[in-house]
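Visitor: got a predicted structure here, sequence first:
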Amino acid sequence: MNRTLIIILSLITISAFGQKNPTAEAQPIVAEGKLLYKSEMASWYGTDLFLENYKDRENIGGYFSYSENDTAKCVFFSIAEKPKVIGTVSFDSTYDVEKATTDLTERDFTITESDLYEIRNIALTELQTNEDGFFEFYQNTNPNMIPLINGKEKKVYILTGPQQSGVVIFGNDYLLTFDKNNKLATKKQLHKNIIPIEYGNFEEGQEIEGAMHSHLPETGEFITATDICTLMLYSKFANWKTHNVVSKKYLNIWNCETNMLTVIPMDTIEKINKNQEKRKKKKKN
């Protein structure tokens, strides 16, 4: 699909659907995906900064990240039975390591951090024991847990990350939800398969502007929050400009340069394609 057609479709969607605009309907998913991205970015860079400054490696029990207003924090805790925070690395929206602050003050968890720690631990136990065979594991991949408290919702997303360069992985992702008392409520597999997409192995001078994957009905009609997080993390390495997610009902177009989503009903696309075919026939005649 060329850029001109994407722009046309975007304009049609914005103007034609009003309150039932699927692009607007999908914005909570976009917001959640960006929260996951902020957490993962803090974890990526926070781990390096913390390990540069903290020397007692045997005392490290683990870490998790979360957002507080405009600040993303990566928190490290001790390995004790009742762990304490042993380091906090904070970032602004740029994630510039030169602007980051590293605080190695030992302290208690805040209330939010205590909840994040607890649901993370429950998710970790579920993942490690896997008694019901719910989780799938693949070579050259690594599961990444992202605990998230958003309002009254408590969740842990589990994404599958690549352990080799030149690959973006969609799918094999999971969502665990928790009640107000941090008890596991539900487990859901978001994509029913794993979707590795290679990049960077093309002929010299060949430009790949984007990629796509499709959703089964079980995954849903919209792009997922995990898809958005993955795209924001890896599309800059792949040099993608767009990524399309195709479902039965919608074409989801993610702009990797602006981090914005446009959702087009498939019946609208079919109408435009039919009109284009009619125009081509008229030109030939």
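Guide: Noted; the coordinates are in hand.
Visitor: got any ranges where the chain has weak pLDDT?
Guide: Applying pLDDT under 70 to the chain flags the ranges 1-19, 200-207, 278, 280-285.
Visitor: helices of that one, start to end?
Guide: 3-16, 22-25, 27-53, 111-129, 225-238, 266-284 (DSSP state H).
Visitor: just say which of those is most tucked in.
Guide: Ranked by mean neighbour count, these are led by helix 225-238 with a mean of 22 (mean count of other C-beta atoms under 10 Å). Where you see a C-beta, it was placed from the backbone N, CA and C, and this is true even at glycine.
Visitor: for the residue lying closest to residue 255 once chain neighbours are set aside, what are its contacts?
Guide: For residue 255, ignoring the flanking residues on the chain, the nearest one in space by C-beta to C-beta, 6 or more residues apart in numbering is residue 242 at 5.9 Å. With contact taken as C-beta atoms under 8 Å, 6 or more residues apart in numbering, residue 242 is in contact with 6, 209, 210, 253, 254, 255, 256.
Visitor: relative to residue 157, how far out is the fifth one?
Guide: Remark: distance between residue 254 and residue 157 (C-beta to C-beta, to the nearest Å) = 18 Å.
Visitor: do the second one as well
Guide: When C-beta to C-beta is the yardstick, residue 209 and residue 157 sit 28 Å from each other.
Visitor: pick out whichever of those two has more residues nearby.
Guide: residue 157 (25 against 12; other C-beta atoms under 10 Å).
Visitor: any of the contacts of residue 242 buried? List them.
Guide: 6, 210, 253, 254, 255, 256 (16 or more other C-beta atoms under 10 Å).
Visitor: nearest to residue 264 among those?
Guide: Nearest to residue 264 among these: residue 253, at 6.9 Å, using C-beta to C-beta.
Visitor: leaving out chain neighbours, which residue sits closest to the closest one?
Guide: residue 262 (4.6 Å).
Visitor: next: residue 218.
Guide: residue 192 (5.6 Å).
Visitor: and that neighbour, its phi and psi?
Guide: phi -90, psi 0 (degrees, to the nearest 10).
Visitor: tell me, how many residues neighbour it?
Guide: Around residue 192 there are 13 residues (other C-beta under 10 Å).
Visitor: what sits against it?
Guide: Contact analysis of residue 192 by C-beta under 8 Å, 6+ apart lists 171, 216, 218, 219.
Visitor: the residues you listed, buried ones only, as a PyMOL selection?
Guide: In PyMOL syntax, the buried subset of the contacts of residue 192 is picked out as below (16+ other C-beta under 10 Å):
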select buried, resi 171+219
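Visitor: which members of the contacts of residue 192 are the farthest-apart pair?
Guide: Once C-beta to C-beta is applied, the contacts of residue 192 give 171 and 218 as the farthest pair, at 11.8 Å.
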